[in-house]
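Asks: Need the 3D shape of this:
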Amino acid sequence: MTARTADTDLSASATPRRLPPGGIAALVVLAGSVALLLGAVFFEHVLKIPPCPLCFEQRIPHYIAVPLALALVLAARFRAPRGLVALGLAVLTVALLVTAGIGGYHAGVEWGLWAGPTDCTGDIGDFGRAGNLLDSLQTTTVVRCDVVLWRFLGLSLAGWNAVLSTGLALVAGAGFVATVRRSA
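Replies: Have a look, this model is predicted:
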């Protein structure tokens, strides 16, 4: 084997090939979570729809999903151990199910199916001492979790997060299954 052949063999083995199913699933989740987060920013800053505390909680799993999905795309692309990719896809699935669950809970609060957290639903009371009441009212903005400020096809933003995050969880789960089957 000549030096030129050895260099060609080395570079060919280091060159990534076609993205395996787990990597494709991670890429779809990456795109979906980025789109959902950008949508949240658009509704908040462009359309001026203020998020409530539950809205912020729904974003947290997507903040975890984006860098994890990006790492998984790269790991799958460069042939990291399948067990590592499968573990990452399992974590992605759980994170997306968590945000879907929070979104479903929030949508239920909006529909009046159950009570929401006391800090953003129900009666507002106990402002403390009367002297601080005006100061509190001027500096405090309460965004209610049980009031829908925007709907599309009958679903609020929380409802759409529940639906879309469930779909992304299914994609991540399918990627997990495909990755596990490939290694068996």
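
Asks: if I look at the nearest residue to T179 once chain neighbours are set aside, how far off is G167?
Replies: Computed as Cβ to Cβ, 6 or more residues apart in numbering, the closest residue to T179 that is not its neighbour in sequence is G22, at 3.7 Å. Every residue, glycine included, has its C-beta placed from N, CA and C. Per Cβ to Cβ, to the nearest Å, G22 is found 17 Å from G167.

Asks: ok so, going back, quick check: the residue nearest to T179 touching L87?
Replies: No: here G22 lies out of contact with L87, judged by Cβ atoms under 8 Å, at a distance of 10.5 Å.

Asks: between these two, which one's more packed in?
Replies: Set G22 next to L87 and count neighbours by other Cβ atoms under 10 Å: G22 wins out with 29 against 14.

Asks: just the strands in the protein please.
Replies: 151-152, 155-156 (DSSP state E).

Asks: Before we move on, what's the pLDDT of the residue nearest in space to the middle of the chain?
Replies: Note on the chain: the residue nearest the mean C-alpha position is H62, at 2.5 Å, using Cα atoms, centre = their mean. The per-residue pLDDT reported for H62 equals 95.

Asks: excluding its backbone neighbours, what's nearest it?
Replies: Per Cβ to Cβ, 6+ apart, closest to H62 is S33, 4.4 Å.

Asks: For the nearest residue to L164 once chain neighbours are set aside, the count of nearby residues, please.
Replies: Leaving aside its chain neighbours, L164 sits nearest to L36 (6.2 Å; criterion: Cβ to Cβ, 6+ apart). Residues near L36, counting by other Cβ under 10 Å, number 23.

Asks: what about L36, distance to G167?
Replies: L36 is 11 Å from G167, by Cβ to Cβ.

Asks: ok, the residue nearest to L164 touching S165?
Replies: Yes: between L36 and S165 there is a contact at 7.3 Å, judged by Cβ under 8 Å.
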